[in-house]
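Asker: Here's a sequence, model it:
(one chain, ligands or ions: 1)
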Amino acid sequence: MPSKAFLRQANESLVMNLIRENPGISRLEIANHSKLSPTAITMITARLVRGGLLREEKLPPTTQLGRRPTALYVEAKSRLAIGVEINPFDAQVVLAELNGRTVEEIDVPANTDADAMLAEIHGAILQLIEKSHAPILGVGVSVPGILEPSTGKVIAATNLHWRNIEAIAALRRGIDLPFYYDNNSNLSALAEWWFAAPRLSNFVFVTFRGGIGAGVIAGGHLQEGASRRMGEFGHMTVEIDGRQCLCGSQGCWEEYASDRAMVRAYNELGGPADNAPEIVRLARQGDATALRVIEQTADSIALGFGNIVVALNPEAIIVDDFVAAGWDLFEPLIWKNLRGRRQELWLAGLRLVPSEHASDSSRLGAVALVLSKYFRESGPLG
Ligand SMILES: [Zn+2]
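Answerer: Okay, here's the model as predicted:
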(Lines give C-alpha, C1' and ligand atoms only; values in the text may rest on other atoms or scores of the structure.)
Protein backbone atom coordinates (compact mmCIF):
# COMPACT_ATOMS: atom_id res chain seq x y z
CA MET A 1 0.00 0.00 0.00
CA PRO A 2 1.42 3.43 -0.90
CA SER A 3 2.53 5.51 2.11
CA LYS A 4 0.70 8.63 3.25
CA ALA A 5 3.66 10.81 2.27
CA PHE A 6 3.68 9.26 -1.21
CA LEU A 7 -0.05 9.91 -1.67
CA ARG A 8 0.31 13.46 -0.43
CA GLN A 9 3.10 14.11 -2.92
CA ALA A 10 1.19 12.45 -5.76
CA ASN A 11 -1.90 14.56 -5.03
CA GLU A 12 0.12 17.77 -4.82
CA SER A 13 1.79 16.89 -8.09
CA LEU A 14 -1.59 16.29 -9.72
CA VAL A 15 -2.97 19.62 -8.49
CA MET A 16 0.17 21.56 -9.52
CA ASN A 17 0.09 20.03 -12.98
CA LEU A 18 -3.61 20.83 -13.48
CA ILE A 19 -2.93 24.46 -12.53
CA ARG A 20 0.15 24.59 -14.81
CA GLU A 21 -1.89 23.28 -17.74
CA ASN A 22 -4.91 25.50 -16.96
CA PRO A 23 -3.65 28.81 -15.56
CA GLY A 24 -6.37 30.62 -13.62
CA ILE A 25 -8.31 27.43 -12.81
CA SER A 26 -10.51 27.55 -9.67
CA ARG A 27 -10.67 25.01 -6.81
CA LEU A 28 -14.09 23.90 -8.04
CA GLU A 29 -12.73 23.26 -11.53
CA ILE A 30 -9.85 21.25 -10.05
CA ALA A 31 -12.45 19.13 -8.26
CA ASN A 32 -14.25 18.58 -11.58
CA HIS A 33 -10.98 17.55 -13.28
CA SER A 34 -9.78 15.17 -10.54
CA LYS A 35 -11.10 12.60 -8.10
CA LEU A 36 -9.96 14.66 -5.10
CA SER A 37 -12.55 15.96 -2.63
CA PRO A 38 -13.12 19.73 -2.27
CA THR A 39 -11.71 19.53 1.29
CA ALA A 40 -8.54 17.81 0.08
CA ILE A 41 -8.13 20.41 -2.69
CA THR A 42 -8.54 23.27 -0.22
CA MET A 43 -5.88 21.76 2.06
CA ILE A 44 -3.43 21.01 -0.76
CA THR A 45 -3.73 24.42 -2.42
CA ALA A 46 -3.42 26.21 0.95
CA ARG A 47 -0.19 24.32 1.62
CA LEU A 48 1.14 25.15 -1.87
CA VAL A 49 0.21 28.86 -1.50
CA ARG A 50 1.99 28.96 1.90
CA GLY A 51 5.03 27.27 0.29
CA GLY A 52 5.12 30.00 -2.38
CA LEU A 53 4.45 27.57 -5.25
CA LEU A 54 1.00 28.93 -6.07
CA ARG A 55 -0.45 32.42 -6.29
CA GLU A 56 -4.17 33.20 -6.02
CA GLU A 57 -6.23 36.04 -7.47
CA LYS A 58 -9.77 36.87 -6.39
CA LEU A 59 -12.26 37.05 -9.26
CA PRO A 60 -15.51 39.10 -9.30
CA PRO A 61 -18.44 37.24 -7.68
CA THR A 62 -20.48 35.14 -10.10
CA THR A 63 -23.78 35.91 -8.28
CA GLN A 64 -24.80 38.69 -5.89
CA LEU A 65 -24.76 36.40 -2.87
CA GLY A 66 -22.10 34.05 -4.17
CA ARG A 67 -18.60 33.71 -2.83
CA ARG A 68 -15.82 35.19 -4.94
CA PRO A 69 -14.05 32.38 -6.78
CA THR A 70 -10.25 32.37 -6.74
CA ALA A 71 -8.06 31.86 -9.77
CA LEU A 72 -4.91 29.81 -9.13
CA TYR A 73 -1.57 30.19 -10.91
CA VAL A 74 1.78 28.43 -10.62
CA GLU A 75 4.36 30.88 -9.23
CA ALA A 76 6.96 30.59 -12.00
CA LYS A 77 9.80 32.03 -9.91
CA SER A 78 9.29 29.64 -6.97
CA ARG A 79 11.48 26.86 -8.35
CA LEU A 80 14.20 26.83 -10.99
CA ALA A 81 15.70 24.31 -13.44
CA ILE A 82 19.13 24.22 -15.04
CA GLY A 83 19.26 23.28 -18.73
CA VAL A 84 22.45 22.38 -20.58
CA GLU A 85 22.63 22.08 -24.35
CA ILE A 86 25.81 20.65 -25.83
CA ASN A 87 25.83 20.93 -29.61
CA PRO A 88 28.49 20.65 -32.33
CA PHE A 89 29.11 24.41 -32.28
CA ASP A 90 29.07 25.36 -28.57
CA ALA A 91 27.20 24.77 -25.31
CA GLN A 92 24.70 26.86 -23.37
CA VAL A 93 23.96 26.53 -19.69
CA VAL A 94 20.77 28.25 -18.54
CA LEU A 95 18.83 28.85 -15.38
CA ALA A 96 15.09 28.84 -16.11
CA GLU A 97 11.82 29.39 -14.25
CA LEU A 98 8.92 26.94 -14.10
CA ASN A 99 7.42 28.45 -17.27
CA GLY A 100 10.69 27.87 -19.18
CA ARG A 101 11.76 31.52 -19.16
CA THR A 102 15.56 31.84 -19.07
CA VAL A 103 16.83 34.11 -16.28
CA GLU A 104 20.59 33.48 -16.60
CA GLU A 105 22.70 32.07 -19.43
CA ILE A 106 26.37 31.12 -19.78
CA ASP A 107 27.87 30.18 -23.17
CA VAL A 108 30.76 27.75 -23.50
CA PRO A 109 32.70 27.40 -26.79
CA ALA A 110 32.89 23.96 -28.47
CA ASN A 111 36.03 21.94 -27.83
CA THR A 112 37.08 18.59 -29.32
CA ASP A 113 38.91 18.06 -26.00
CA ALA A 114 35.87 16.65 -24.23
CA ASP A 115 37.36 16.84 -20.72
CA ALA A 116 38.13 20.54 -21.11
CA MET A 117 34.69 21.37 -22.49
CA LEU A 118 32.89 19.36 -19.80
CA ALA A 119 34.99 21.02 -17.06
CA GLU A 120 33.90 24.42 -18.38
CA ILE A 121 30.24 23.39 -18.48
CA HIS A 122 30.55 21.97 -14.94
CA GLY A 123 31.94 25.34 -13.81
CA ALA A 124 29.01 27.13 -15.47
CA ILE A 125 26.48 24.89 -13.66
CA LEU A 126 28.18 25.71 -10.33
CA GLN A 127 28.01 29.44 -11.13
CA LEU A 128 24.27 29.24 -11.82
CA ILE A 129 23.64 27.27 -8.62
CA GLU A 130 25.47 30.06 -6.79
CA LYS A 131 23.33 32.76 -8.47
CA SER A 132 19.95 31.10 -8.03
CA HIS A 133 17.37 32.82 -5.81
CA ALA A 134 15.10 29.76 -5.40
CA PRO A 135 15.46 25.98 -4.98
CA ILE A 136 16.76 24.21 -8.10
CA LEU A 137 14.83 21.09 -9.13
CA GLY A 138 17.51 19.45 -11.21
CA VAL A 139 19.78 19.65 -14.22
CA GLY A 140 18.67 18.57 -17.70
CA VAL A 141 21.36 17.87 -20.28
CA SER A 142 20.95 17.70 -24.05
CA VAL A 143 23.75 15.84 -25.83
CA PRO A 144 24.31 15.44 -29.59
CA GLY A 145 24.86 11.81 -30.48
CA ILE A 146 24.32 8.36 -29.06
CA LEU A 147 24.10 7.94 -25.28
CA GLU A 148 24.39 4.97 -22.96
CA PRO A 149 20.97 5.28 -21.24
CA SER A 150 21.91 4.07 -17.75
CA THR A 151 25.07 6.15 -17.26
CA GLY A 152 24.85 9.07 -19.68
CA LYS A 153 28.11 8.05 -21.35
CA VAL A 154 28.37 9.56 -24.84
CA ILE A 155 29.14 6.56 -27.05
CA ALA A 156 29.55 8.70 -30.15
CA ALA A 157 28.99 12.37 -30.93
CA THR A 158 30.37 12.44 -34.47
CA ASN A 159 30.31 16.18 -35.06
CA LEU A 160 32.20 16.85 -31.80
CA HIS A 161 34.58 13.90 -32.46
CA TRP A 162 33.70 12.53 -29.00
CA ARG A 163 33.78 8.77 -28.39
CA ASN A 164 33.07 6.94 -25.12
CA ILE A 165 33.03 10.06 -23.00
CA GLU A 166 31.57 9.85 -19.46
CA ALA A 167 29.80 13.17 -19.97
CA ILE A 168 27.09 13.03 -17.29
CA ALA A 169 29.46 11.62 -14.64
CA ALA A 170 31.82 14.54 -15.31
CA LEU A 171 29.01 17.14 -15.13
CA ARG A 172 27.39 15.88 -11.93
CA ARG A 173 30.64 15.62 -9.94
CA GLY A 174 30.11 17.13 -6.48
CA ILE A 175 26.62 18.46 -7.37
CA ASP A 176 23.80 17.21 -5.18
CA LEU A 177 20.94 17.64 -7.66
CA PRO A 178 19.10 15.13 -9.84
CA PHE A 179 20.50 14.94 -13.38
CA TYR A 180 18.39 13.99 -16.41
CA TYR A 181 19.68 13.62 -19.96
CA ASP A 182 18.73 12.71 -23.50
CA ASN A 183 19.83 13.42 -27.06
CA ASN A 184 19.18 16.74 -28.82
CA SER A 185 16.43 15.60 -31.14
CA ASN A 186 14.37 13.85 -28.44
CA LEU A 187 14.61 16.99 -26.30
CA SER A 188 13.64 19.25 -29.21
CA ALA A 189 10.49 17.17 -29.57
CA LEU A 190 9.87 17.33 -25.81
CA ALA A 191 10.20 21.15 -25.81
CA GLU A 192 7.74 21.44 -28.68
CA TRP A 193 5.27 19.26 -26.77
CA TRP A 194 5.75 20.67 -23.25
CA PHE A 195 5.59 24.38 -24.09
CA ALA A 196 2.92 24.26 -26.83
CA ALA A 197 -0.72 25.18 -26.37
CA PRO A 198 -2.73 23.43 -27.63
CA ARG A 199 -0.58 20.35 -27.61
CA LEU A 200 -0.11 17.89 -30.47
CA SER A 201 -0.16 14.26 -29.34
CA ASN A 202 1.37 12.63 -32.43
CA PHE A 203 4.21 14.34 -34.20
CA VAL A 204 7.79 13.92 -35.33
CA PHE A 205 10.35 16.66 -34.73
CA VAL A 206 13.06 16.42 -37.39
CA THR A 207 16.19 18.35 -36.52
CA PHE A 208 18.59 19.31 -39.30
CA ARG A 209 21.45 20.55 -37.11
CA GLY A 210 24.69 18.73 -37.95
CA GLY A 211 23.08 15.76 -39.71
CA ILE A 212 19.47 14.65 -39.23
CA GLY A 213 17.91 13.41 -36.00
CA ALA A 214 14.31 13.02 -34.92
CA GLY A 215 12.22 12.86 -31.77
CA VAL A 216 8.91 11.01 -31.87
CA ILE A 217 5.90 11.95 -29.72
CA ALA A 218 3.12 9.37 -30.02
CA GLY A 219 0.01 9.20 -27.88
CA GLY A 220 1.31 12.23 -25.93
CA HIS A 221 4.56 10.53 -24.88
CA LEU A 222 8.15 10.78 -26.03
CA GLN A 223 9.01 7.42 -27.59
CA GLU A 224 12.44 6.06 -26.84
CA GLY A 225 12.81 2.50 -28.10
CA ALA A 226 14.51 -0.45 -26.37
CA SER A 227 17.87 1.34 -26.00
CA ARG A 228 16.53 4.90 -26.16
CA ARG A 229 17.73 5.26 -29.74
CA MET A 230 14.43 5.61 -31.55
CA GLY A 231 14.11 8.21 -34.27
CA GLU A 232 17.51 7.99 -35.96
CA PHE A 233 15.84 8.63 -39.29
CA GLY A 234 18.99 10.35 -40.56
CA HIS A 235 20.44 6.86 -40.98
CA MET A 236 17.57 5.17 -42.78
CA THR A 237 18.72 3.99 -46.20
CA VAL A 238 17.32 6.01 -49.07
CA GLU A 239 19.74 4.77 -51.75
CA ILE A 240 21.16 1.28 -52.17
CA ASP A 241 24.98 1.47 -52.30
CA GLY A 242 24.65 5.24 -51.97
CA ARG A 243 27.04 7.76 -50.45
CA GLN A 244 29.21 6.71 -47.51
CA CYS A 245 27.81 8.08 -44.22
CA LEU A 246 29.77 9.05 -41.08
CA CYS A 247 27.90 6.23 -39.26
CA GLY A 248 29.61 3.56 -41.39
CA SER A 249 26.59 2.70 -43.57
CA GLN A 250 25.88 3.77 -47.12
CA GLY A 251 23.01 5.72 -48.64
CA CYS A 252 21.75 7.26 -45.37
CA TRP A 253 19.11 10.00 -45.62
CA GLU A 254 21.35 12.62 -43.98
CA GLU A 255 23.89 12.24 -46.79
CA TYR A 256 21.25 13.72 -49.13
CA ALA A 257 19.03 15.99 -47.04
CA SER A 258 21.17 17.54 -44.30
CA ASP A 259 23.18 20.75 -44.07
CA ARG A 260 26.42 19.01 -45.03
CA ALA A 261 24.75 17.38 -48.05
CA MET A 262 23.48 20.77 -49.21
CA VAL A 263 26.89 22.45 -48.80
CA ARG A 264 28.61 19.59 -50.64
CA ALA A 265 26.10 19.79 -53.52
CA TYR A 266 26.57 23.56 -53.82
CA ASN A 267 30.35 23.31 -53.80
CA GLU A 268 30.31 20.49 -56.38
CA LEU A 269 28.40 22.84 -58.67
CA GLY A 270 31.02 25.58 -58.34
CA GLY A 271 30.32 27.03 -54.88
CA PRO A 272 31.68 28.28 -52.65
CA ALA A 273 29.50 28.14 -49.50
CA ASP A 274 30.41 27.30 -45.90
CA ASN A 275 27.00 26.45 -44.49
CA ALA A 276 23.36 25.83 -45.32
CA PRO A 277 21.96 29.19 -44.07
CA GLU A 278 24.36 30.92 -46.47
CA ILE A 279 22.90 28.92 -49.40
CA VAL A 280 19.38 29.89 -48.27
CA ARG A 281 20.48 33.56 -48.28
CA LEU A 282 22.02 33.19 -51.76
CA ALA A 283 18.83 31.58 -53.07
CA ARG A 284 16.80 34.55 -51.79
CA GLN A 285 19.13 36.84 -53.77
CA GLY A 286 18.30 34.85 -56.93
CA ASP A 287 21.48 32.72 -57.13
CA ALA A 288 20.47 30.04 -59.68
CA THR A 289 22.83 27.37 -58.29
CA ALA A 290 21.56 27.93 -54.76
CA LEU A 291 17.94 27.61 -55.97
CA ARG A 292 18.80 24.38 -57.78
CA VAL A 293 20.50 22.92 -54.69
CA ILE A 294 17.54 23.86 -52.50
CA GLU A 295 15.19 22.13 -54.92
CA GLN A 296 17.37 19.01 -54.87
CA THR A 297 17.59 19.06 -51.05
CA ALA A 298 13.82 19.62 -50.72
CA ASP A 299 13.23 16.53 -52.90
CA SER A 300 15.50 14.47 -50.63
CA ILE A 301 13.75 15.84 -47.52
CA ALA A 302 10.36 14.88 -49.03
CA LEU A 303 11.63 11.36 -49.76
CA GLY A 304 12.40 10.88 -46.05
CA PHE A 305 9.13 12.52 -44.95
CA GLY A 306 7.26 10.10 -47.23
CA ASN A 307 8.81 7.21 -45.29
CA ILE A 308 8.10 8.79 -41.90
CA VAL A 309 4.47 9.40 -42.86
CA VAL A 310 3.78 5.77 -43.77
CA ALA A 311 5.70 4.45 -40.76
CA LEU A 312 4.27 6.65 -38.01
CA ASN A 313 1.14 8.42 -39.31
CA PRO A 314 1.92 11.71 -37.49
CA GLU A 315 -0.42 14.71 -37.42
CA ALA A 316 2.60 16.97 -37.98
CA ILE A 317 6.27 16.94 -38.91
CA ILE A 318 8.10 19.86 -37.31
CA VAL A 319 11.43 21.08 -38.71
CA ASP A 320 14.20 23.33 -37.38
CA ASP A 321 17.48 24.94 -38.40
CA PHE A 322 18.15 25.86 -42.06
CA VAL A 323 14.93 24.20 -43.27
CA ALA A 324 12.89 26.34 -40.83
CA ALA A 325 14.93 29.45 -41.71
CA GLY A 326 14.27 28.91 -45.43
CA TRP A 327 10.74 27.56 -44.97
CA ASP A 328 9.19 29.90 -47.57
CA LEU A 329 11.52 28.30 -50.15
CA PHE A 330 11.38 24.70 -48.90
CA GLU A 331 7.68 24.27 -48.07
CA PRO A 332 6.15 24.36 -51.60
CA LEU A 333 8.94 22.17 -53.00
CA ILE A 334 8.60 19.56 -50.23
CA TRP A 335 4.79 19.40 -50.58
CA LYS A 336 5.00 19.09 -54.37
CA ASN A 337 7.43 16.17 -54.14
CA LEU A 338 5.54 14.54 -51.28
CA ARG A 339 2.22 14.70 -53.19
CA GLY A 340 3.91 13.04 -56.16
CA ARG A 341 5.24 10.31 -53.90
CA ARG A 342 2.33 9.45 -51.59
CA GLN A 343 -1.40 9.01 -52.09
CA GLU A 344 -3.68 11.57 -50.48
CA LEU A 345 -4.84 9.12 -47.80
CA TRP A 346 -1.38 9.35 -46.21
CA LEU A 347 -1.24 13.13 -46.40
CA ALA A 348 -4.79 14.10 -45.37
CA GLY A 349 -4.59 16.21 -42.22
CA LEU A 350 -0.78 16.18 -42.16
CA ARG A 351 0.88 19.48 -41.30
CA LEU A 352 4.49 20.40 -42.05
CA VAL A 353 5.59 23.25 -39.77
CA PRO A 354 8.77 25.09 -38.82
CA SER A 355 9.56 25.00 -35.08
CA GLU A 356 8.62 28.10 -33.10
CA HIS A 357 11.69 27.63 -30.93
CA ALA A 358 14.14 27.49 -33.88
CA SER A 359 17.67 26.88 -32.62
CA ASP A 360 16.68 27.07 -28.92
CA SER A 361 14.62 23.89 -29.03
CA SER A 362 16.99 21.37 -27.45
CA ARG A 363 18.04 23.80 -24.68
CA LEU A 364 14.37 24.37 -23.88
CA GLY A 365 13.94 20.60 -24.05
CA ALA A 366 16.65 20.12 -21.40
CA VAL A 367 14.66 22.47 -19.14
CA ALA A 368 11.38 20.73 -20.08
CA LEU A 369 12.93 17.39 -19.10
CA VAL A 370 13.50 18.63 -15.53
CA LEU A 371 10.04 20.24 -15.38
CA SER A 372 8.29 17.15 -16.72
CA LYS A 373 9.86 15.03 -13.96
CA TYR A 374 8.93 17.64 -11.34
CA PHE A 375 5.30 18.06 -12.34
CA ARG A 376 4.58 14.42 -13.09
CA GLU A 377 6.70 12.24 -10.87
CA SER A 378 8.48 13.66 -7.88
CA GLY A 379 5.80 15.94 -6.47
CA PRO A 380 6.29 19.65 -5.97
CA LEU A 381 7.60 19.53 -2.42
CA GLY A 382 9.61 16.34 -2.85
ZN1 LIG B 1 24.35 6.95 -41.53
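Asker: tell me how far the ends of stretch 216-227 are from each other?
Answerer: One end of stretch 216-227 to the other measures 14 Å (Cα to Cα, to the nearest Å).
Asker: need the contact list for the residue in the stretch 1-150 of the chain that the ion sits nearest to.
Answerer: Closest to the ion within the stretch 1-150 of the chain is I146: 11.7 Å, counting by Cβ to the ion. Just so you know, the C-beta spots here come from the backbone N, C-alpha and C atoms, and that holds for glycine as well. Contact analysis of I146 by Cβ atoms under 8 Å, 6 or more residues apart in numbering lists 154-157, 183, 229.
Asker: Which among these count as buried?
Answerer: 154, 156-157, 183 (16 or more other Cβ atoms under 10 Å).
Asker: Looking at those residues, point me to the pair that's furthest apart.
Answerer: The most widely separated members of these, counting by Cβ to Cβ, are A156 and N183 (11.0 Å).
Asker: So for the two, which residues contact both of them?
Answerer: Common neighbours of A156 and N183 (Cβ under 8 Å, 6+ apart) are 145-146.
Asker: Could you list the domains of this structure?
Answerer: According to automatic domain parsing, the chain comprises the domains 4-74, 78-190+361-378, 198-355.
Asker: Quick one: mean pLDDT for the second one?
Answerer: Averaging pLDDT along domain 78-190+361-378 yields 92.
Asker: again, but for the shortest one
Answerer: In this model, domain 4-74 has an average pLDDT of 86.
Asker: switch to numbering from 681
Answerer: New numbering, starting at 681: the last item is domain 684-754.
Asker: Check the domains of the chain for me and report the most buried one.
Answerer: Burial of those is given as mean neighbour count (mean count of other Cβ atoms under 10 Å); domain 758-870+1041-1058 ranks first at a mean of 20.
Asker: mind checking how far that domain is from the chain centre?
Answerer: On the basis of Cα atoms, centre = their mean, to the nearest Å, domain 758-870+1041-1058 sits 12 Å off its chain's mean C-alpha point.
Asker: what about the helices in the stretch 781-930 of the chain?
Answerer: 794-811, 847-852, 864-874 (DSSP state H, counting those that start in this stretch).
Asker: just to revisit the earlier point, show me the buried ones among the contacts of I826 that map onto strands.
Answerer: With DSSP state E as the criterion, strands contain 834, 836-837, 863 from among the buried ones among the contacts of I826.
Asker: Closest one to the ion out of the residues you listed, please.
Answerer: Nearest member of those to the ion, counting by Cβ to the ion, is A836, at 11.4 Å.
Asker: I'd assumed W842 was in contact with the closest one.
Answerer: Yes - with contact defined as Cβ atoms under 8 Å, A836 reaches W842; the gap is 7.2 Å.
Asker: Quick check: neighbours shared by these two?
Answerer: G825.
Asker: on that earlier part again, distance to N955 for the contacts of I826 - can I get that in TSV?
Answerer: Listed next are those as TSV, based on distance: Cβ to Cβ, whole Å:
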residue	distance to N955
V834	24
I835	27
A836	23
A837	19
N863	22
R909	27
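Asker: CSV please, covering the ones in strands among the buried ones among the contacts of I826 and showing distance to A711.
Answerer: Output for these, formatted as CSV (distance: Cβ to Cβ, whole Å):
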residue, distance to A711
V834, 47
A836, 51
A837, 48
N863, 40
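Asker: out of the residues you listed, who's near the ion?
Answerer: By Cβ under 5 Å from the ion, no member of those lies near the ion.
Asker: Nearest to V783, out of these: which one, please.
Answerer: Ranked by distance to V783 (Cβ to Cβ), those are led by N863 at 25.6 Å.
Asker: Report all helices and strands that the host helix or strand of V764 contacts.
Answerer: Per DSSP states H and E: V764 is located in strand 760-766. Helices and strands touching strand 760-766, by 3 or more Cβ pairs under 8 Å, 6 or more residues apart in numbering; DSSP states H and E, are strand 770-777, helix 794-811, strand 816-823, helix 1041-1053.
Asker: ok, and what's touching the first one?
Answerer: With contact meaning Cβ under 8 Å, 6+ apart, strand 770-777 is reached by 756-757, 759-765, 782-790, 797, 800-801, 804-805, 808, 811-812, 816, 1043, 1047.
Asker: Kindly provide the distance from the residue lying closest to L806 once chain neighbours are set aside to G803.
Answerer: The spatial neighbour of L806 that comes closest, neighbours along the chain excluded (Cβ to Cβ, 6 or more residues apart in numbering), is I855 at 7.3 Å. Using Cβ to Cβ, to the nearest Å, I855 is found at 11 Å from G803.
Asker: same question, G854
Answerer: For G854 relative to G803 (Cβ to Cβ), the value is 11 Å.
Asker: And for A1004?
Answerer: Counting by Cβ to Cβ, the gap from A1004 to G803 is 32 Å.
Asker: which bits of the protein sit near the ion?
Answerer: 915, 925, 927, 929, 932.
Asker: Point out the least confident member of these, please.
Answerer: C927 (85).
Asker: Run through the residues that contact it.
Answerer: Counting by Cβ under 8 Å, 6+ apart, C927 has contacts 838, 915.
Asker: okay, L1061: pLDDT?
Answerer: 35.
Asker: V1050 against V819, yeah?
Answerer: Yes - look at V1050 against V819 with Cβ under 8 Å: they come within range, at 6.9 Å.
Asker: Kind regards, and thank you for your time.
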